[in-house]
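K.L.:
no sequence for this one, just the structure:
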């Protein structure tokens, strides 16, 4: 008796009982070896036709069932592979481009106060901010803080200022 036994379908393919061939799973779905149907792709994974699920790269995400990786919007980031969502940039940082892998700290003299910032704003005259600031602080009496200052500057000899001064 020389009958051949049916072979199981490979991962990414399926076969309904009695079929003589395997059918590729469509995009956004997947299957395991020997499956009789395809299933929805898991969160954080990319599923292409006939392929094995692969984790979405950092800077992208895949919510449940979509099977595609979407770049994070400006103002958000995903620093790990296989993300199912993106995280809003934190105050004191910004995410200026889509697909950000991490936040960028606001440089000295600039700040961001809210979640999801896409830019850092310059400190107004009479205020200053160190790097990664969420707000600008007023300049103390005896100091000057021109617009965009990262630290107060001591008034020169013979000059003075009241608090919050842009110049002495």
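P.N.:
Arrived safely, thanks for sending. Predicted, not measured: the structure shown is a model, and the values here were computed from it.

K.L.:
tell me who's in contact with the closest residue to residue 138 other than its chain neighbours.
P.N.:
Closest residue in space to residue 138, ignoring its immediate chain neighbours: residue 164 at 4.4 Å, by Cβ to Cβ, 6 or more residues apart in numbering. The way it works is simple: take the backbone N, C-alpha and C, and place the C-beta from them, glycine included. Listed by Cβ atoms under 8 Å, 6 or more residues apart in numbering, the contact set of residue 164 reads 126, 127, 138, 139, 145.

K.L.:
low-scoring stretches of this structure, by residue?
P.N.:
Counting by pLDDT under 70, the ranges of the chain that qualify are 1-5, 18.

K.L.:
any idea which residue sits dead centre in it?
P.N.:
residue 77 (1.1 Å; Cα atoms, centre = their mean).

K.L.:
run a quick check on it versus residue 95, I expect a contact.
P.N.:
Yes - with contact defined as Cβ atoms under 8 Å, residue 77 and residue 95 form a contacting pair (5.2 Å).

K.L.:
what's the overlap in contacts for the two?
P.N.:
Residues touching both residue 77 and residue 95 (Cβ under 8 Å, 6+ apart): 89, 103.

K.L.:
lovely, talk soon.
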